[in-house]
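> Following is a predicted model, sequence given first.
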Amino acid sequence: MFLRAALLAMVVVLGGCRATLFAGLNTTDRHAGIETTSGIVFDTQHQLKLDVYRPANAEHAPVVVFFYGGSWTHGERAWYRFVGTTLASHGVIAVIPDYRKYPQVKMDGFMQDAARAVAWTHQHAQEFGGAPNDIFVMGHSAGGQIGALLMTDPSWLAPYDLHPTDFAGFIGLAGCYDFMPIPADEKDMLGMFGHDEASQARAQPVRFVSGNEPPMLLLQGTADKEVDPSNAMSLTHVLQAHHVPVTLKLYPGVGHIAMVFAFSRPLKNDAPTLEDTLQFIRTHKSAGAVTAH
C-alpha cells in the first residue's frame, strides 16, 4: 500500500517527467528466476535495440512482443522493464523493442521498425527458449496501433515472408484502431499520418480486417481520456463481422495509463490487465507453460 501511494504521488508531482516516473515504478520490480538480455541490436542500419526477459531455463515458452505507447513521439524500452519481468515471472518470454519516432520518421518508418522487430523475434525465439508458433504481439496506446496494424495489414510483414496468421494472437491495451478524421489541432498526428483521407486510412487497423487475422484480445478502460473506448469497440465489431475470434473487455472506471501500470506489482489491483492477458495466452498457445500466480 505504501508503494502504491508513493507511485500515485509521483504521478501527480512529476507529471510530464516520464523517465523519473518509470524509474520509480521499476524500483518495485522484485521478481526472481528471471533472465534478462538487454541491448540486442535487431536493426544495424538504425542501431535499434530490444530487451528480452525470460523465465530461467525457458523451453518452448510462449513469447510476447510488446510495443509501448507514447503518442508515437516518445518512450523507451527500458521504461517498461516491469512489463517484461512480470510476464517472464509467469512463464512468458517478453521482447520489448525500441522503434523510431516522429518527427525523425513518419508512419512508414516506425511500422518498418516494428515489423523488423517481430520478424527478428520469430527468427530467434528458439534461442531464448521460446516457441516460434506461440508468438503474440501486444501494444499499449500508440503501440497498440502499431501492433494491430501489423496484425491486420499483411504488407508490413510480407518482406519477411511472414503473415499475421503466423502469430498466435494480438493483445491491445487501450490501442488506437479507428481514429479518422484526425483533428486539425493534432499537428503531430497529421505530420506522421497525413492530411488527406487516403493517407490517414493507411493507419487504421479497422480498414484492413479481412478475416485473415489471428485471435485478438482488446482491453480498454471506460474512463480513458486519451484514447476513446470507441476505438476498441469499432475494431471488435469489424473483427466479429469477419468471424475473427475477438474478446473485448471494458474495465469500468479505469484510465489510460492504468492499463499498462497494472502490470507492476504495486498497481496490479487497479485493473485485471495481467490476468486477462495470461488467460488469453493460455487459451491460444500451443506449447509451453503459463502460470497464473
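Noted; the coordinates are in hand.
> ranges for the helices of the stretch 101-250 of the chain?
Ranges of helices in the stretch 101-250 of the chain, per DSSP state H, counting those that start in this stretch, are 107-124, 142-152, 187-193, 197-201, 230-241.
> deepest of those helices, which one?
Neighbour counts (mean count of other C-beta atoms under 10 Å) averaged over each of the helices of the stretch 101-250 of the chain peak at helix 142-152, with a mean of 29. In this view, the C-beta of every residue, glycine as well, is placed from N, C-alpha and C.
> Using PDB, write out every CA atom in that helix.
Extracted in PDB, the C-alpha atoms of helix 142-152 (Å, rounded to 0.1, in the frame of the first residue of the first chain):
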ATOM      1  CA  ALA A 142       0.200   4.100 -29.800                       C
ATOM      2  CA  GLY A 143       2.000   0.800 -29.500                       C
ATOM      3  CA  GLY A 144      -1.500  -0.800 -29.800                       C
ATOM      4  CA  GLN A 145      -2.000   0.900 -33.100                       C
ATOM      5  CA  ILE A 146       1.400  -0.400 -34.300                       C
ATOM      6  CA  GLY A 147       0.800  -3.900 -33.200                       C
ATOM      7  CA  ALA A 148      -2.800  -4.000 -34.500                       C
ATOM      8  CA  LEU A 149      -1.700  -2.700 -37.900                       C
ATOM      9  CA  LEU A 150       0.900  -5.400 -38.100                       C
ATOM     10  CA  MET A 151      -1.800  -8.000 -37.500                       C
ATOM     11  CA  THR A 152      -4.300  -6.600 -39.900                       C
END
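> So, low pLDDT: which residues of this structure?
1-21, 23-30, 288, 292-293 (pLDDT under 70).
> Once you drop chain neighbours, what's closest to the spatially most central residue of it?
Centroid check for the chain by C-alpha atoms, centre = their mean gives G139 as the closest residue, at 1.4 Å. In this structure, G139 finds its nearest non-sequential neighbour in G147, 3.4 Å apart by C-beta to C-beta, 6 or more residues apart in numbering.
> Check the spacing between that neighbour and I135 real quick.
G147 sits at a distance of 12 Å from I135 (criterion: C-beta to C-beta, to the nearest Å).
> what residues are shared contacts of those two?
Here G147 and I135 share the contacting residues V65, scored by C-beta atoms under 8 Å, 6 or more residues apart in numbering.
> Pretty sure T291 is one of the things H90 touches, is it not?
Yes: counting by C-beta atoms under 8 Å, H90 touches T291, with 5.0 Å between them.
> picking up where we left off before, quick one: contacts for the residue nearest to G139?
Contacts of G147 by C-beta under 8 Å, 6+ apart are 65, 67, 114, 137-139, 170-172, 175.
> Ok, R207 next?
So R207 contacts A201 (C-beta under 8 Å, 6+ apart).
> And I34, by the same measure?
Counting by C-beta under 8 Å, 6+ apart, I34 touches 53-56, 85, 88-89.
> One more pass at 6 Å, please.
Applying C-beta atoms under 6 Å, 6 or more residues apart in numbering, we find I34 in contact with 85, 88.
> So what sits opposite A61 in the bridge?
G130 (DSSP bridges).
> separation between A78 and K106?
For A78 relative to K106 (C-beta to C-beta), the value is 25 Å.
> likewise S230?
25 Å.
> What of V244?
Distance from V244 to K106, counting by C-beta to C-beta: 28 Å.
> Repeat that for K268.
Where K106 is concerned, K268 sits at a distance of 36 Å (C-beta to C-beta).
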